[in-house]
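1. From the sequence below, what's the structure:
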Amino acid sequence: MSRILVVDDEQAICWALEQALEAQKHDVAVAPSAEAAFALAAKKPPDVILLDVRLPGLDGLSALARLRELSNDAPVIVMTAFGNLATAVRAVEGGAFDYLAKPFDLDQALDLVARAVQRRELVPAEPTLPTETVAADDMVGVGPPMQNVFRRIALVAPREACVLITGESGTGKELVARAVHRFSARRDRPFLPVHMAALNPNLVESELFGHVKGAFTGAGQAREGLLSLAEGGTLFLDEIAEVPLAAQVKLLRVLEQGEIIPVGGNQPQKLNIRILAATHQDLERKVADGVFRHDLFFRLNVFQVHLPPLRERREDIAALAEHFLRRLEPRALPLLPATAEFLTRQAWFGNVRELRNALEHAVIVAVGGPLQPEHFPAASTLAGGTPTDQLRRAVLAWLAERTKGVGLEPPVNLYEELLACVEPPLLEELMRRLQGNRWVAAQWLGLNRATVRKKLGKYLLQ
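-> Numbering: from 1, shown residues only. I've put the predicted structure just below:
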């Protein structure tokens with residue numbers, strides 16, 4: 001049995017945690033403020049602390065160091081419904097064990113407490129790190145998906161581990177890389193972003209690793225590579241999937257041995273950099289296809305941060321729009337509720353980048369007035385990625401259009417409407433390719449021949 005201290009001014013949360021933890025035979029104490037928590041911790045030091053950020057009086061982050069001191073460095077799980085990247089970083093730098101975004105699943109909280117108890121029993125206490133105020137950044141997110149991104153950035157930034165940042169184009173992968181660098185020990189050294197797809201494929205090795213004089217035709221003098229320019233700092237390799245196989249071998253040497261060999265040279269040069277990589281492609285598929293080295297993939301993928309597409313975090317769209325609007329036009333009026341609702345309904349295949357561009361367009365058209373839905377350009381229907389990605393996005397766009405303006409009363413036969421859009425071209429093209437062979441078509445579709453015959457008749461494709 002462990003003693004758990006819950007510090008939160010929301011009675012419902014305290015009651016739920018107290019009941020769940022006591023059911024697991026823990027001794028639970030509850031405090032509605034940091035000051036009350038200080039008194040309880042001084043009287044009987046807890047083994048684990050669940051600490052809310054927003055409290056009456058002293059806030060949770062400001063109280064963190066004192067609580068750890070009073071509890072002999074007990075693990076602290078920070079809870080917040082108003083978190084951002086700065087909050088997550090301050091929590092981790094202040095010595096928090098983990099970061100829990102509200103609303104949270106009770107089982108998730110219990111699992112964190114169990115891990116904290118285990119850590120308390122097995123791992124010696126770590127010294128408290130000083131809490132510092134961090135600069136504001138361009139990463140905006142109020143919902144659970146982005147709260148998890150903030151938490152992962154805060155956890156990995158102080159480390160030297162490689163980070164693989166994944167997500168669709170336009171989700172903000174470079175912002176994540178810059179945040180990891182900014183909150184790392186290398187923050188005062190260079191941050192060098194390199195877009196691999198923009199490099200000449202025939203000169204990638206020379207661009208990255210440099211070359212010696214006479215290494216190839218036209219190499220009239222030695223040249224320092226991009227990796228060397230990032231010495232002491234962070235190199236961000238965007239679209240890492242575009243690195244040719246030959247350069248992948250050399251890049252692996254950098255990661256494993258911390259040294260480079262310029263093109264045409266034979267003397268290794270020591271290098272002290274941290275490498276972050278990003279891609280919107282499926283690297284595991286690239287490995288399976290033999291165009292990306294599996295050893296390099298595993299070396300880059302020590303820690304992964306995945307950025308969800310904007311359509312999967314719609315709760316952030318209005319906040320992002322206000323953020324961009326203030327930057328584009330500081331004197332602009334706040335978003336009208338109807339405009340915020342309009343933006344939230346859009347699919348945003350181009351993600352955050354498309355949203356920002358659409359706002360810039362609207363600001364120009366509105367000529368200083370409040371932004372209205374008609375001020376925005378037509379939503380993009382372009383969808384990058386694999387054909388499967390494109391199909392998924394097309395379905396989402398169709399759904400957004402079909403349910404536009406629909407209230408609680410659901411559309412009739414929505415599923416049948418979708419099938420009526422998808423099945424005819426699928427059946428027609430498949431029958432064309434198979435020269436009208438229904439038996440083979442049935443095998444391809446995973447249906448029996450009678451069903452295929454019925455569907456062909458329904459759409460007059462026989």
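
2. how is the protein carved up into domains?
-> 3-145, 157-213+223-306, 311-402, 414-458 (automatic domain parsing).

3. Straight-line length of the second one, end to end?
-> Put plainly, it is domain 157-213+223-306. The first and last residues of domain 157-213+223-306 sit 15 Å apart, counting by CA to CA, to the nearest Å.

4. quick one: average pLDDT of that domain?
-> Taken as a whole, domain 157-213+223-306 has a mean pLDDT of 88.

5. Look at Ala278 and say how many residues are nearby.
-> Per other CB atoms under 10 Å, the neighbour tally for Ala278 reads 26. From N, CA and C alone the C-beta is placed, and that goes for glycine too.

6. er, Phe342 I mean
-> 17.

7. quick one: Phe297 from Gly258, how far?
-> 19 Å (CB to CB, to the nearest Å).

8. Compare these two (neighbour count), which wins?
-> Legend: neighbour count by other CB under 10 Å for Phe297 and Gly258, higher for Phe297 (19 against 13).

9. I'd guessed the more buried one sits against Gln281; true?
-> No - applying CB atoms under 8 Å as the test, Phe297 and Gln281 come out as separate, 11.7 Å apart.

10. if we can go back for a sec, which one of the domains of the chain lies closest to Arg151?
-> domain 3-145 (4.4 Å; CB to CB).

11. separation between Ala29 and Lys43?
-> 9 Å.

12. Which one's more surrounded, the two?
-> A count of neighbours by other CB under 10 Å puts Ala29 above the other of Ala29 and Lys43, at 18 against 9.

13. would the more buried one count as being in a strand?
-> Yes - applying DSSP: H, G, I helix; E, B strand; the rest coil, one finds Ala29 inside a strand.

14. Who are the contact partners of it?
-> Applying CB atoms under 8 Å, 6 or more residues apart in numbering to Ala29 gives the contacts 3-6, 40, 44, 46.

15. What segments of the stretch 251-400 of the chain are strands?
-> 259-260, 269-270, 274-279, 303-306 (DSSP state E, counting those that start in this stretch).

16. right, so of these, which gets closest to Arg432?
-> Per CB to CB, nearest to Arg432 of those: strand 274-279, 35.6 Å.

17. re earlier: can the domains of the chain go into a markdown table with extra columns for distance to Arg151?
-> Listed next are those as a markdown table, based on distance: least, CB to CB, whole Å:
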| stretch | distance to Arg151 |
| --- | --- |
| domain 3-145 | 4 |
| domain 157-213+223-306 | 10 |
| domain 311-402 | 15 |
| domain 414-458 | 36 |
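
18. Regarding Leu235, what is its secondary structure?
-> Leu235 ends up strand, using three-state DSSP.

19. And Phe191, its phi and psi?
-> The phi and psi values for Phe191, taken as degrees, to the nearest 10, are phi -120, psi 120.

20. let me fix that: Trp15
-> Residue torsions, per degrees, to the nearest 10, at Trp15 are phi -60, psi -40.

21. do you know how far it is from Leu106?
-> Taking CB to CB, one finds Trp15 at 11 Å from Leu106.

22. residue closest to the middle of the chain?
-> Nearest to the geometric centre of the chain sits Leu307, at 2.4 Å (CA atoms, centre = their mean).

23. How confident was the prediction at the residue located most distally from the centre of the chain?
-> No residue in the chain sits farther from the centre than Gln462, which is 47.9 Å out by CA atoms, centre = their mean. Looking at Gln462, its pLDDT reads 70.

24. Report the contact partners of Ile49.
-> 4-7, 37, 41, 67, 71, 74-77.

25. for these, which one is nearest Met431?
-> Using CB to CB, those come closest to Met431 at Ile77, 58.6 Å.

26. how about that closest one, phi and psi?
-> According to degrees, to the nearest 10, Ile77 has phi -100, psi 110.

27. Kindly report the same for Asn266.
-> Here Asn266 shows phi and psi, under degrees, to the nearest 10, equal to phi -140, psi 0.

28. cool, Val48 as well?
-> Dihedral angles (degrees, to the nearest 10) for Val48: phi -140, psi 140.

29. if you skip the residues just before and after it, what's nearest to it?
-> Ala116 (4.5 Å; CB to CB, 6 or more residues apart in numbering).

30. What is the burial count for that neighbour?
-> Ala116: 22 neighbours (other CB under 10 Å).

31. likewise Ala74?
-> 24.

32. ok, it to Ala161 distance?
-> 26 Å.

33. What sits closest to Leu456 if chain neighbours are left out?
-> Gln462 (4.8 Å).

34. cool, Ala91 as well?
-> Here the residue nearest Ala91, using CB to CB, 6+ apart, is Val78, at 4.2 Å.

35. now the one you found, what's its secondary structure?
-> strand.

36. My guess is it contacts Asp98. True?
-> Yes - the criterion here is CB under 8 Å, and Val78 meets it with Asp98 at 7.4 Å.

37. Same drill for those two, tell me which one is more crowded.
-> Val78 (26 against 19).

38. Enumerate every residue touching that one.
-> Per CB under 8 Å, 6+ apart, neighbours of Val78: 51-53, 60-61, 64, 91, 96, 98-100.

39. residue boundaries of the helices in the stretch 251-400 of the chain?
-> Along the stretch 251-400 of the chain, counting by DSSP state H, counting those that start in this stretch, helices occupy 283-288, 294-300, 317-328, 337-345, 351-366, 387-402.

40. Quick one, which of those helices gets closest to Leu85.
-> Nearest of the helices of the stretch 251-400 of the chain (CB to CB): helix 317-328, 12.9 Å.
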